[in-house]
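>>> Any chance you can model this:
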Amino acid sequence: MFENIPKVKVGIVAVSRDCFPESLSVNRRKALVEAYRAKYDEADIYECPICIVESEIHMQQALEDVKKAGCNALVVYLGNFGPEISETLLAKHFEGPKMFVAAAEESGDSLIGGRGDAYCGMLNASYNLKLRNVRVHIPEYPVGTALECADMIHEFLPVARAVIGLGGLKIISFGPRPMNFLPAMHRLSSCITWVLKLKKTRSWIYLKHFINTKTMHGYRKWLPIWKKSWVQETKNRRFCQSWHIRTDAAGLDRRA
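Numbering: from 1, shown residues only. Modelled structure (predicted):
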C-alpha cells in the first residue's frame, strides 16, 4: 500500500574481548542467526562474518562489510564481555539506527570454558556509549538466550524503520526564512535533534499540528511579556537565561 516505508536490513556484528575465546562469540552469533531465521524472515538480517576482537582494524572491516551488504541498521552482539572501545566506535561510525544486545550464559555447567560475562560487558558498553555521546537502542533487559535476542532484534525493526524514515523526512514549515530565524522555530527543536532538514520555501503552508489551540494559547500568554521586555533584555548579558525563565512563566512548554 505504502511505497515510502523504509525496508530495514539489520547487520549483526559479534564482538569479543581478547581475554575470552573468540569462538564463544562466533558460535553464539551463529546460534542467534539460526534462531532468528527459524522464527522470522531471513531477509531482515545479515550475519557479518567478521568478529571484532579489541581491534579498530576489525571494526573498520566490519563497518565496511555491513555497508556493502546494504544494511541500514546495526545490532552489536556481545557474545562475551566485548571490547568497549571498538564496539562503541562501530556504533559511532555507523550511520543508522543501532542496538546493543548480549548473550546470556547457556548453563552453569560451562562457566569455566564457556563463560562470557556479557552481562557485565553490556553494562560497560552502556557507559562507554554515553561517554561518546552515541545514541543506541538498548532493550529493557538486553541480555538473553539466542531465541530471546532474536525476539529483541525483531522488536527493534519498527524502531529502526521509524528512525530511518524520520531521518529522510523533509519538513516544510510556515513563516519567513526558518533557517535564518532558527530561534523562532524553537518548537521544532526535537525535530532538529533528529537531524531533520528544515527546507526554506516560498510557499506558506498551514500546518495544523503546530497551530493547534494549545499552542496558540501559549503564544498569546507569552506575547505581552515578549513585547514589554524584548529591548531591555537583549541588552542584558543574561538574556538567554532570562528568556527561558520568562518562557516558563508564560506556561509555554519548550519541549513540545
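>>> from here on, contacts and neighbour counts on C-alpha atoms
Noted.
>>> So which residues of the stretch 1-150 of the chain form strands?
Assigned by DSSP state E, counting those that start in this stretch, the strands in the stretch 1-150 of the chain fall at 10-16, 45-47, 52-53, 73-78, 98-103, 143-144.
>>> Ala38: which of these is closest?
Distance to Ala38, taken as C-alpha to C-alpha, is lowest for strand 45-47 among the strands of the stretch 1-150 of the chain, at 12.3 Å.
>>> What separation do you get for the residue lying closest to Ala62 once chain neighbours are set aside and Lys30?
Residue nearest to Ala62 in three dimensions, not counting chain neighbours: Ile50, with 5.7 Å by C-alpha to C-alpha, 6 or more residues apart in numbering. Distance of Ile50 to Lys30, given as C-alpha to C-alpha, to the nearest Å: 12 Å.
>>> what about these two, which has more around it?
Using other C-alpha atoms under 10 Å as the criterion, Ile50 and Lys30 rank with Ile50 on top: 18 against 15.
>>> Could you report the separation of that one from Tyr77?
In terms of C-alpha to C-alpha, Ile50 sits 12 Å off from Tyr77.
>>> tell me, what's touching the two both at once?
13-14 (C-alpha atoms under 8 Å, 6 or more residues apart in numbering).
>>> which regions of the stretch 151-256 of the chain sit below the pLDDT cut-off?
Within the stretch 151-256 of the chain, the segments meeting pLDDT under 70 span 170-256.
>>> count of neighbours near the nearest residue to Glu95 once chain neighbours are set aside?
Computed as C-alpha to C-alpha, 6+ apart, the closest residue to Glu95 that is not its neighbour in sequence is Asn72, at 7.7 Å. The tally of other residues near Asn72 (other C-alpha under 10 Å) stands at 21.
>>> Make residue 1 into 41 and carry on from there
Shifting the count to begin at 41 puts that one at Asn112.
>>> still on that earlier bit, which stretch in the strands of the stretch 41-190 of the chain is the model least sure about?
Here the lowest mean pLDDT among these goes to strand 92-93, at a mean of 90.
>>> Parallel or antiparallel, list what pairs with that one.
Strand 92-93 pairs in its sheet with strand 50-56 (parallel), by DSSP bridges.
>>> Need the contact partners of the partner strand.
Residues from elsewhere that reach strand 50-56, judged by C-alpha under 8 Å, 6+ apart: 62, 65-66, 69, 84-94, 102, 106, 111-123, 127.
>>> So which bits of stretch 133-142 are buried?
Neighbour counts over stretch 133-142 (16 or more other C-alpha atoms under 10 Å) mark 134, 136-142 as buried.
>>> List of residues touching that stretch?
By C-alpha under 8 Å, 6+ apart, the surrounding residues in contact with stretch 133-142 are 103, 112-120, 131, 158-159, 162, 176-179, 182-184, 189, 196, 200, 203-204.
>>> Please list only the buried members of these.
Judged by 16+ other C-alpha under 10 Å, buried ones among these: 103, 112-120, 131, 158-159, 162, 176, 178, 182-184, 189, 196, 200, 203-204.
>>> Asn164 and Gly122, how far apart?
Between Asn164 and Gly122 the distance is 9 Å, computed by C-alpha to C-alpha.
>>> Also Ala142?
Separation of Ala142 from Gly122 (C-alpha to C-alpha) stands at 9 Å.
>>> before we move on, what about Asp157?
9 Å.
>>> and the two? which has more neighbours close in?
Gly122 (32 against 19).
>>> wait, the more buried one sits on Leu163?
No: assessed by C-alpha atoms under 8 Å, Gly122 is found out of contact with Leu163, at 10.6 Å.
>>> any idea where the helices of this protein begin and end?
62-79, 96-108, 124-133, 158-171, 186-207, 229-233, 253-274, 279-289 (DSSP state H).
>>> give the contact list for Cys160.
For Cys160, the contact set (C-alpha under 8 Å, 6+ apart) comprises Phe121.
>>> got it, and Lys132?
Shown in contact with Lys132 (C-alpha under 8 Å, 6+ apart): 172, 174.
>>> Okay, it and Leu197: tell me how far apart.
According to C-alpha to C-alpha, Lys132 stands 19 Å off from Leu197.
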